[in-house]
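> Just the structure for this:
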Amino acid sequence: MDFMIQVIYSKIEPTRVLHGIVRKSDLSAKRVDLVDPDEFLQCAALRLDRGETFKAHQHRWQTKQSHNYIAQESWVVISGNVKVFYYDTDGALLHEDVITPGDASFTWEGGHNYECMTDGTFVYEFKTGPYLGQEMDKIFL
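Sure thing, here's the model as predicted:
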């Protein structure tokens, strides 16, 4: 593996990965697939030089094998520092950490939250859809 992902496991089910942190400083390869291919939320890190490109393409519509799904979410810090809080499937706090510009947070299951530590913090948030609104999507802790 060309990178290290810091994984946070459930205390309820110790082999179940709930969250992950990827640090920009740990990435050196041209392309790294960061997430297990079986997860709904996919992410790759690409380190490219001027003039590099890829073959133009579009993606095909696919029929899902299962109708069961969970919204998975990722944050990428662009500027500022963010303190992240990760929770187990029962809502108990599992882990706290600080992520900085270029770092990414992934939540596949369990709860999460973050607190901005600097003014003007900028974060991109990505999650799987479709989004059906808070009542259908979220359980607040």
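> Walking through the protein, point out its strands one by one.
With DSSP state E as the criterion, the chain has strands at 5-9, 17-22, 31-33, 44-46, 73-79, 82-87, 93-99, 104-107, 111-116, 122-127.
> closest to G133 out of those strands?
Closest approach to G133 among these (CB to CB): strand 122-127, 13.2 Å. Every C-beta, even on glycine, is put in place using the N, C-alpha and C of the backbone.
> Could you spell out the sheet neighbours of the closest one, each with its direction?
With DSSP bridges as the test, strand 122-127 is paired with strand 73-79 (antiparallel).
> about what we covered before: a markdown table for the strands of the chain, including distance to A56, mean neighbour count and mean pLDDT?
Output for the strands of the chain, formatted as a markdown table (distance: least, CB to CB, whole Å; neighbours: other CB atoms under 10 Å; pLDDT from 0 to 100):
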| stretch | distance to A56 | mean neighbour count | mean pLDDT |
| --- | --- | --- | --- |
| strand 5-9 | 30 | 17 | 90 |
| strand 17-22 | 27 | 22 | 90 |
| strand 31-33 | 17 | 14 | 82 |
| strand 44-46 | 16 | 13 | 82 |
| strand 73-79 | 24 | 18 | 94 |
| strand 82-87 | 34 | 19 | 96 |
| strand 93-99 | 33 | 16 | 96 |
| strand 104-107 | 26 | 23 | 94 |
| strand 111-116 | 35 | 16 | 94 |
| strand 122-127 | 23 | 13 | 92 |
